[in-house]
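Trainee: The amino acid sequence is not available; the structure is as follows:
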């Protein structure tokens with residue numbers, strides 16, 4: 001992996017304690033989660049809350065919170081050309097800022113733990129009825 005990401009503009013980071021996450025997000029321009037298999041990854045909402053546009057796959061659960069082309073991009077799994085195209089588009093600082101701002105607004109408007117709990121309770125109630 002080191003040979004692949006050995007670039008001055010790429011930083012690979014292993015596990016980070018929760019209290020240190022904001023400083024990592026604050027140093028980033030874009031957040032990418034290109035999972036092949038994942039549930040709804042909490043890191044997507046965290047990155048969005050920090051005002052980062054997100055590039056992710058549908059397999060990360062991103063489609064639950066991220067609207068393609070608004071807060072970031074959803075790319076097909078294992079499609080490096082699509083990923084490269086979205087990263088190229090995000091070289092545009094204006095686009096990054098617009099998407100990052102939209103991401104922060106999206107998370108603030110209904111993606112807190114309280115909001116999640118209310119949605120879960122409503123879904124359980126609907127199932128029981």
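Mentor: Right, received. Where do you want to start? Remember, predicted model here, so these are calculated numbers, not experimental data.
Trainee: Listing request: residues of this protein with sub-threshold pLDDT.
Mentor: Low-confidence segments of the chain, defined by pLDDT under 70, span residues 1-5.
Trainee: In it, which residue is most central in space?
Mentor: Among the residues of the chain, the one closest to the centroid is residue 44, at 3.2 Å (CA atoms, centre = their mean).
Trainee: ok, that one to residue 111 distance?
Mentor: Going from residue 44 to residue 111 by CB to CB, to the nearest Å gives 10 Å. The C-beta positions use only the backbone N, C-alpha and C, and glycine is treated the same way.
Trainee: Now the common contact residues for these two.
Mentor: With contacts taken as CB atoms under 8 Å, 6 or more residues apart in numbering, residue 44 and residue 111 have residue 65 as neighbours in common.
Trainee: Are we agreed that residue 11 is in a strand?
Mentor: No: membership of residue 11 in a strand is not supported by DSSP: H, G, I helix; E, B strand; the rest coil, which gives coil.
Trainee: What about it, how many residues nearby?
Mentor: 10 (other CB atoms under 10 Å).
Trainee: gap between it and residue 29?
Mentor: With CB to CB as the criterion, residue 11 and residue 29 are 11 Å apart.
Trainee: about what we covered before: close enough to count as contact, the residue nearest to the centre of the chain and residue 66?
Mentor: Yes: counting by CB atoms under 8 Å, residue 66 is a contact partner of residue 44 at 6.5 Å.
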